[in-house]
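Undergrad: Curious how this folds, go ahead:
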Amino acid sequence: MNNIALFLTSAFIWGSTWIMITFQLGLVSPLVSVVYRFALASGVLFGYCLLRRRSFHFSLGEHFYILIQGLLLFGFNYWLTYIGITKINSALAAILSTSIVYFNVVFARIFLGDKIKNDVMIGATIGVIGISLIFLPQINKEELSSDIWLGILIILAGSLFASLGNIVSAKTQRLKIPVMQANALGMGYASVFLAVIALASGLNFEFELTGKYIGSLVYLAVFGSVIAFGSFLTLLGRIGPDKAGYISLVYPVIALVFSTIFEAYQWNLLGLAGVLVILAGNFIAMGKYRQFSFFKRA
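TA: Numbers count the residues shown, from 1 in each chain. Now for the predicted structure:
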């Protein structure tokens, strides 16, 4: 797949997962739902790799990187995200998740030695403004209680863990560890680790035998985890964590499209303006403006 296809695949699927995650909240503990999700995703990936005869022969050091990637990106990130969505609305969570753009830029500089690109920072900032315009009406409806402030901190912490996981994935790819095998092992490690935490916390491994829960679980595991993460991390290895992180400014807009279809979300001029601003930010962050002669001369 080319880079545009990888970008659109990740953005489209993750945009749809916001609604699916809400179907997971209820009888089953958020932590247990995350365990189910990534255990299933890991099993699917292992099955695919075995059918394709993909090698899992990695050194102890390589397994360590894969373990850390799994815990950060698939474990703590999603555990916190599921909890955070129980405390704040999805609109505020969408805005907060865009912080990963800045985390990626800073951490890529610190841990990978990548240069901070002005195009990416300017484009990301414009994109965040666009996201804020779209979700401003919903945010204004919220009263910032202590519980909501806790939710804000939890979502931000989840974004920080996700960003660190992105950086580790960039490192593993630079070590020539294939994305498919790294995800299979990383998701497996994460699900086992979180299962141990759940058991130690006294949580019951209940399961909701409803079409809504089972359907959303399968979708989140296969599409939201196997396909979306495979596409995104492949893209990240090609263009870097800073530019790849811009996906977090696009999938909330996709989420609103799904919300329009399934939840009767009403668009307004502010929302439409926000989409245009996000597209402008993306245009700048990806360096597309440089193709015009005026900027070439400048």
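Undergrad: residue ranges with poor pLDDT in the stretch 151-298 of the chain?
TA: 263, 265, 286-298 (pLDDT under 70).
Undergrad: quick one, what contacts the closest residue to W18 other than its chain neighbours?
TA: The spatially closest residue to W18, leaving aside those adjacent along the chain, is A255, at 4.3 Å (C-beta to C-beta, 6 or more residues apart in numbering). Glycine gets a C-beta too; all of them are placed from N, C-alpha and C. By C-beta atoms under 8 Å, 6 or more residues apart in numbering, the residues touching A255 are 15-16, 18-19, 90, 94.
Undergrad: Which ones among the residues you listed map onto helices?
TA: 15-16, 18-19, 90, 94 (DSSP state H).
Undergrad: you'd agree M180 is up against F46?
TA: No. The criterion here is C-beta atoms under 8 Å, and M180 misses it with F46 at 9.9 Å.
Undergrad: does the residue nearest to W18 sit in a helix or strand, and which one?
TA: Here A255, judged by DSSP states H and E, is contained in helix 251-262.
Undergrad: which one of the contacts of A255 sits closest to N282?
TA: G15 (14.4 Å; C-beta to C-beta).
Undergrad: Number of residues surrounding the nearest residue to S55 once chain neighbours are set aside?
TA: Nearest non-adjacent residue to S55, counting by C-beta to C-beta, 6+ apart: Q181, 7.3 Å away. Neighbour count for Q181, taken as other C-beta atoms under 10 Å: 20.
Undergrad: which residues does Q181 contact?
TA: Per C-beta under 8 Å, 6+ apart, neighbours of Q181: 49, 54-56, 58.
Undergrad: re earlier: distance of the residue nearest to W18 from S248?
TA: Applying C-beta to C-beta, to the nearest Å, the value for A255 to S248 is 11 Å.
Undergrad: Tell me the secondary structure at K87.
TA: At K87 the chain is in coil, as set by DSSP: H, G, I helix; E, B strand; the rest coil.
Undergrad: helix or strand for the closest residue to it other than its chain neighbours, which one?
TA: Closest residue in space to K87, ignoring its immediate chain neighbours: G151 at 3.0 Å, by C-beta to C-beta, 6+ apart. Using DSSP H and E, G151 sits in helix 146-174.
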